[in-house]
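> next come a sequence and a model predicted from it.
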Amino acid sequence: MFGYQWFLEVFCSLKAHRIRTVFTGFGVMWAMLILLLLQGAGAGFYNGMVKRFQSYSNRFMSIHAGYRSTGTVHLTETLTEDLARNLNAFEQIMPVFRTDRSVAYAQVVHKSSILGVRVGYRKIKHLELVEGRFFTERDVAQKLPVCILGLKTKTALFDKQSAVGQPITVDGTVVGVIGVLEATDGMDDDTIIISSSLFKALFPQNVERVDTIMATLTPNQNPIQVAKKARAYLARCLNFERQDTQALQINSSSKRARPFQILFRVMQGFIWLVSLCFLVSGVVGVGNMMLVVVKERRQELAIRKVVGATSGHIMGLILLESIVINLISGILGLGIGISMLQWMNSYLLPIIEKHGIARFEFQFPMVVYALVFLVLSGCLAGIIPAKRALCIKPVDALNNE
């Protein structure tokens, strides 16, 4: 429908009224810039919260022993392996051993929980390190006397001093510190983590029972159904009623994760609402400008009709001019917005990252949808001015001039 000559006419018209074109397009450009910045900021906040609360993943599950009418329920390492084999629903599963002991560094003595875990514990709990490293298979196989400190334990023993490479005494055994965890919202803050093989060697009297069974589910597993199957299996093995919630506690993070998911969806919807309001205001400005353009070009449009221009040709010119203004302004807004997000990631993010904000980013499909919206809105903004242009009577327009 639109040929080279059409675009040439549109660009000549826009060039002839530069100031009006710039101010009209600025509204759309500003709206697109705000949309991109809001989306980027929302993504940064979302990514930061997801990073901070990764343990609320739908795939995480923990099992804790409780009490029944006949006494305490005991979980064991063998039972953990049997559960994994019979349910076949876990990507990773491991027993976590625990005991409370006094640890010392120089003259400082601190009572802390000692956890015996496998190498996959870091992945299951999504733990990050402030310094140092986590266990390796070699550490576990050779039962090397190394440990990782929770942040509170590290502060209690070393204060602001670096802990990596320093020896501490755990119940009379010297153990080297190889890492320090970031602050967490769970029990890992005030713990000392050692490999399960070292735990068995140091505390053989505490390995008959398991404190917790931790697992991540395989993709597409329903956490509620897996929890029911796990409870039924363990109830048969440990001789308690499956309805007895005091005997066994199975915590699936799907229920805890749901409020966060709803919150983020509401925030995302609110961001889109505000962004679309800005875009609509910009498009309305373009529509108002096109009404002014039609009024100023009444004589020109009348002459075009006299010399044989069709209604479709005139309507197409007005619509195309509206679309071009929206599209060019939107692309400029996107370009500026992307540049600003990159600048924020390079210079601003390192400053505010500690406050729970992650990388600012946008989704490419969102850019495509925004550009399609601009083209459609350009058509809508030009419809009323184009119809008004069609109503111009050449005789009246020329006589008025």
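Yep, that arrived.

> mean confidence (pLDDT) on stretch 302-309, please.
Average pLDDT, stretch 302-309: 70.

> what of stretch 8-27?
With pLDDT averaged residue by residue, stretch 8-27 scores 76.

> can you check stretch 348-355 too?
Stretch 348-355 shows a mean pLDDT of 74 in the predicted model.

> can I get it in CSV, CA atoms only?
As requested, C-alpha coordinates have been extracted for stretch 348-355 and formatted as CSV (Å, rounded to 0.1, in the frame of the first residue of the first chain):
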residue,chain,number,x,y,z
LEU,A,348,24.8,1.6,39.8
LEU,A,349,24.3,-2.1,40.5
PRO,A,350,27.6,-2.7,42.4
ILE,A,351,26.5,0.0,44.9
ILE,A,352,22.9,-1.2,45.5
GLU,A,353,23.4,-4.9,45.0
LYS,A,354,23.8,-5.5,48.7
HIS,A,355,20.3,-4.1,49.3
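
> run through the strands of the protein in chain order.
Using DSSP state E, the strands found in the chain span residues 60-65, 67-68, 71-72, 90-105, 108-117, 129-132, 146-149, 167-170, 173-181, 191-195, 212-217, 248-252.

> run a quick neighbour tally on the residue nearest to residue 170 when sequence neighbours are not counted.
Closest residue in space to residue 170, ignoring its immediate chain neighbours: residue 103 at 5.1 Å, by C-beta to C-beta, 6 or more residues apart in numbering. (Glycine included, C-beta is placed from N, CA and C.) By the measure other C-beta atoms under 10 Å, the count of residues near residue 103 is 22.

> who's residue 103 bridged to?
Judged by DSSP bridges, the bridge partners of residue 103 are residue 110, residue 170.

> isn't it right up against residue 109?
Yes. Under the criterion of C-beta atoms under 8 Å, residue 103 makes contact with residue 109 at 7.4 Å.

> one step back: mean pLDDT for the strands of the chain - can I get that in CSV?
Output for those, formatted as CSV (pLDDT from 0 to 100):
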stretch, mean pLDDT
strand 60-65, 86
strand 67-68, 80
strand 71-72, 80
strand 90-105, 92
strand 108-117, 92
strand 129-132, 90
strand 146-149, 94
strand 167-170, 93
strand 173-181, 93
strand 191-195, 93
strand 212-217, 90
strand 248-252, 83
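
> could I get the ones you listed as CSV with distance to residue 159?
Compiled in CSV, those are given as follows (distance: least, C-beta to C-beta, whole Å):
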stretch, distance to residue 159
strand 60-65, 32
strand 67-68, 40
strand 71-72, 39
strand 90-105, 10
strand 108-117, 9
strand 129-132, 14
strand 146-149, 13
strand 167-170, 14
strand 173-181, 13
strand 191-195, 17
strand 212-217, 30
strand 248-252, 34
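
> of those, which is nearest residue 358?
strand 129-132 (17.2 Å; C-beta to C-beta).

> list of residues touching the closest one?
148, 151, 162-164, 177-182 (C-beta atoms under 8 Å, 6 or more residues apart in numbering).

> okay, that strand in CSV with CA atoms only?
Listed in CSV are the C-alpha atoms of strand 129-132, where the atom choice follows Å, rounded to 0.1, in the frame of the first residue of the first chain:
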residue,chain,number,x,y,z
LEU,A,129,30.1,-17.8,50.0
VAL,A,130,31.5,-14.5,51.1
GLU,A,131,35.0,-15.9,50.8
GLY,A,132,36.7,-19.2,50.2
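
> pairing partners for it, with directions?
Those paired with strand 129-132 in the sheet (DSSP bridges) are strand 173-181 (antiparallel).

> how far off centre is the strand it pairs with?
For strand 173-181, the gap between its own C-alpha mean and the chain's C-alpha mean amounts to 33 Å (C-alpha atoms, centre = their mean, to the nearest Å).

> again with stretch 139-151
What separates the centre of stretch 139-151 from the centre of its chain is 32 Å, taken as C-alpha atoms, centre = their mean.

> for that stretch, measure first residue to last.
One end of stretch 139-151 sits 22 Å from the other (C-alpha to C-alpha, to the nearest Å).

> quick one: work out the angle between the longest helix seen in the chain and strand 212-217.
Using DSSP state H to assign secondary structure, the helix with the most residues in the chain is helix 254-296. What separates the directions of helix 254-296 and strand 212-217 is an angle of 40 degrees, with axes from the mean of the first three to the mean of the last three C-alpha atoms, to 10 degrees.

> residue 43 contacts residue 366, correct?
No. If you go by C-beta under 8 Å, residue 43 and residue 366 don't touch, sitting 9.7 Å apart.

> ok, now how distant is the residue nearest to residue 170 from residue 230?
Applying C-beta to C-beta, to the nearest Å, one obtains 34 Å for the distance of residue 103 from residue 230.

> what do you get for residue 26?
Taking C-beta to C-beta, one finds residue 26 at 60 Å from residue 230.

> the more surrounded of these two?
Comparing residue 26 with residue 230 by neighbour count (other C-beta under 10 Å), the higher total belongs to residue 230, at 22 against 15.

> show me where this protein has its helices.
Here the chain has its helices, by DSSP H, at 4-16, 18-52, 77-87, 121-125, 137-141, 151-158, 196-202, 223-238, 254-296, 298-306, 311-343, 349-352, 364-390, 394-400.

> so for residue 208, which of these sits nearest?
Shortest distance between residue 208 and the helices of the chain, using C-beta to C-beta, is found for helix 77-87: 9.1 Å.

> buried ones in that closest one, by neighbour count?
Of the residues in helix 77-87, those scored as buried under the neighbour-count criterion (16 or more other C-beta atoms under 10 Å) are 77, 79-80, 83-84, 87.
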